[in-house]
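Chemist: what follows is a predicted protein model with its sequence.
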Amino acid sequence: MTVHTDYLFFNTRQRQEFVRITDDVAEIVKASGVKEGMALVSAMHITAGVYVNDWEDGLIHDFQAWLEKLAPADLPYKHHQTGEDNADAHLKRTILGHQVMLPITAAKLDLGPWEQVFYAEFDGQRKKRVIVKVIGE
Amino acid sequence: MTVHTDYLFFNTRQRQEFVRITDDVAEIVKASGVKEGMALVSAMHITAGVYVNDWEDGLIHDFQAWLEKLAPADLPYKHHQTGEDNADAHLKRTILGHQVMLPITAAKLDLGPWEQVFYAEFDGQRKKRVIVKVIGE
Amino acid sequence: MTVHTDYLFFNTRQRQEFVRITDDVAEIVKASGVKEGMALVSAMHITAGVYVNDWEDGLIHDFQAWLEKLAPADLPYKHHQTGEDNADAHLKRTILGHQVMLPITAAKLDLGPWEQVFYAEFDGQRKKRVIVKVIGE
């Protein structure tokens, strides 16, 4: 049994930015040597998410507009009484999800034809981490 | 350590359809021989979800009406400029979630009394896949 | 390879209540003896969730107000025709998520600086369970 751990680092230029990380995760899986198993990909900061969906700019825009509608930035959140201004980032990442588990079959990520893994930053412009933990044999 | 992989296939008659798959997953777990571990159940298409909730027709209707309210089908999504017409399906599956991890204890799915596993199709009428990956011993 | 299973029990005083469980999960991980692996933390009842986010009272209030807006309690849900009155609890827990997978590195939960694990009860005042399943070595 192998358990292999690595981390991805982000420091986005914009406050909100979605970054495709499928290839980065695939490289970590390769380095792990695991042929059959799973890879956990999980944001370690609570204003960022990790999700699987389409790599299409229009849809990424739709996702961002939709999240802004469901969890607007400019509401009088109680969290902001602490001096923070990012309550909406906590909510947005909750809808998207903050982690995924990717199956590994025959030494590769076993993804459907359109499945791509994304890091979704909602409060960026500073250093953030994602853990990738591979388990299997 | 055992890692066992199987796939479930769907081709729903309607564009949107929720299908109970608890028993199908339980059979795969049985075939795996795993007594203690977990089963990942994950949609391989990005317009379908997998979720755990109640097997009650009224609530399933409530879920569908609620998802239509939160992610309506008839908005001018940018994704549709590519010729697609299913942006809402990508959003709906995101709220429900696209994968679950089911615990296995004493060779059985270790589920609460009302937990049932569902495949949620939002853009069906064509062949789709769900991966079931069992890990344990 | 080790697979270790335990359960957390809840019987909240209020119908809706969020309970921090990070330390409880950490204790189970310690008892498991697993040094490298993962812990699944999953609600076994379908009107409760498990999520990772900030341990800040204002934000917890924001989460609850936001969920009430997205999935209000007082709508004429079809599920209520069965005699139930908790359809909104099923929906609310779906947005938050009902399970998380926590990485374990060097015998400890490998969490970011602000990551805290919560049990989110939406239909409490009775006995409920969460499974914690640790896998690794």
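Modeler: Nice, I can see it. Residues are numbered from 1 along each chain as shown, chains lettered A, B, ... in the order given.
Chemist: can I take it that A:Pro72 is in a helix?
Modeler: No. Counting by DSSP: H, G, I helix; E, B strand; the rest coil, A:Pro72 is not part of a helix but coil.
Chemist: the nearest residue to it once chain neighbours are set aside: which element?
Modeler: Of all residues not flanking A:Pro72 in the chain, A:Asp88 sits nearest, at 6.3 Å (C-beta to C-beta, 6 or more residues apart in numbering or on different chains). All C-beta atoms are positioned from the backbone trio N, CA, C, and that covers glycine. Element membership of A:Asp88 [criterion: DSSP states H and E] is helix A:87-96.
Chemist: from the contact counts, what lies against the following helix or strand past that helix?
Modeler: Using DSSP H and E, the helix or strand that directly follows helix A:87-96 along the chain is strand A:99-105. When contacts are defined as 3 or more C-beta pairs under 8 Å, 6 or more residues apart in numbering or on different chains; DSSP states H and E, strand A:99-105 packs onto helix A:22-32, strand A:37-43, strand A:48-53, strand B:37-43, strand B:99-105, strand B:128-136, strand C:99-105.
Chemist: okay, now A:Asn11: neighbour count?
Modeler: 10 (other C-beta atoms under 10 Å in any protein chain shown).
Chemist: go on, A:Glu84?
Modeler: 17.
Chemist: could you list every residue that touches the residue most central in space within chain A?
Modeler: Chain A has A:Val50 as the residue nearest its centroid, 1.9 Å off, counting by C-alpha atoms, centre = their mean. By C-beta atoms under 8 Å, 6 or more residues apart in numbering or on different chains, A:Val50 lies in contact with A:21, A:41-43, A:96-100, A:117-120, A:130.
Chemist: then A:Glu17?
Modeler: Contacts of A:Glu17 by C-beta under 8 Å, 6+ apart are A:Glu121, A:Gly124.
Chemist: who does it bridge with?
Modeler: Going by DSSP bridges, A:Glu17 is paired in beta bridges with A:Glu121.
Chemist: check what pLDDT it gets.
Modeler: What the model reports for A:Glu17 is a pLDDT of 98.
Chemist: how about A:Asp74?
Modeler: Looking at A:Asp74, the pLDDT reads 89.
Chemist: outside of stretch A:79-93 itself, list whatever touches it.
Modeler: Outside stretch A:79-93, the residues touching it (C-beta under 8 Å, 6+ apart) are A:43, A:46-49, A:67-68, A:70-73, A:75, A:77-78, A:120, A:122-123, C:53-54, C:56, C:58-59, C:62-63, C:66.
Chemist: buried members of these into PyMOL, please.
Modeler: Provided next is the PyMOL selection string for whichever of those are buried by 16 or more other C-beta atoms under 10 Å in any protein chain shown:
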select buried, (chain A and resi 43+46+47+48+49+67+70+71+73+77+78+120+122+123) or (chain C and resi 53+54+56+58+59+62+63+66)
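Chemist: pull up the residues of chain A that are close to chain C.
Modeler: Residues of chain A found near chain C (C-beta under 8 Å from any C-beta of the partner chain) are A:1, A:3, A:5, A:40, A:42-46, A:70-71, A:77-82, A:87, A:90-91, A:94-95, A:97-99, A:101, A:129, A:131, A:133, A:135.
Chemist: which bits of chain A sit near chain B?
Modeler: A:1, A:36-38, A:51-54, A:56-59, A:61-63, A:66, A:70, A:95-97, A:100-101, A:103, A:105, A:110-115, A:135-137.
Chemist: give me the buried entries from the residues you listed.
Modeler: Buried, going by 16+ other C-beta under 10 Å: A:1, A:36-38, A:51-54, A:56, A:58-59, A:62-63, A:66, A:70, A:95-97, A:100-101, A:103, A:105, A:110-112, A:115, A:135-136, out of these.
Chemist: mind exporting the C-alpha coordinates of stretch A:75-94 to PDB?
Modeler: What follows is stretch A:75-94, C-alpha atoms only, in PDB (Å, rounded to 0.1, in the frame of the first residue of the first chain):
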ATOM      1  CA  LEU A  75     -24.300  42.000   1.600                       C
ATOM      2  CA  PRO A  76     -24.000  43.100   5.200                       C
ATOM      3  CA  TYR A  77     -22.600  39.800   6.400                       C
ATOM      4  CA  LYS A  78     -22.000  39.400  10.200                       C
ATOM      5  CA  HIS A  79     -18.600  37.900   9.400                       C
ATOM      6  CA  HIS A  80     -17.600  41.400   8.200                       C
ATOM      7  CA  GLN A  81     -18.000  42.800  11.700                       C
ATOM      8  CA  THR A  82     -14.700  41.000  12.500                       C
ATOM      9  CA  GLY A  83     -12.900  43.100  10.000                       C
ATOM     10  CA  GLU A  84     -13.100  40.500   7.200                       C
ATOM     11  CA  ASP A  85     -14.700  41.300   3.800                       C
ATOM     12  CA  ASN A  86     -14.800  37.800   2.300                       C
ATOM     13  CA  ALA A  87     -17.900  36.100   3.700                       C
ATOM     14  CA  ASP A  88     -19.200  35.600   0.100                       C
ATOM     15  CA  ALA A  89     -16.000  33.700  -0.700                       C
ATOM     16  CA  HIS A  90     -16.800  31.200   2.100                       C
ATOM     17  CA  LEU A  91     -20.300  30.700   0.700                       C
ATOM     18  CA  LYS A  92     -19.300  30.500  -3.000                       C
ATOM     19  CA  ARG A  93     -16.700  27.800  -2.300                       C
ATOM     20  CA  THR A  94     -19.300  25.800  -0.400                       C
END
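Chemist: tell me where the model's unsure across chain A.
Modeler: Applying pLDDT under 70 to chain A flags no residue at all.
Chemist: give me the element A:Ile60 is part of.
Modeler: Following DSSP H and E, one finds A:Ile60 within helix A:57-70.
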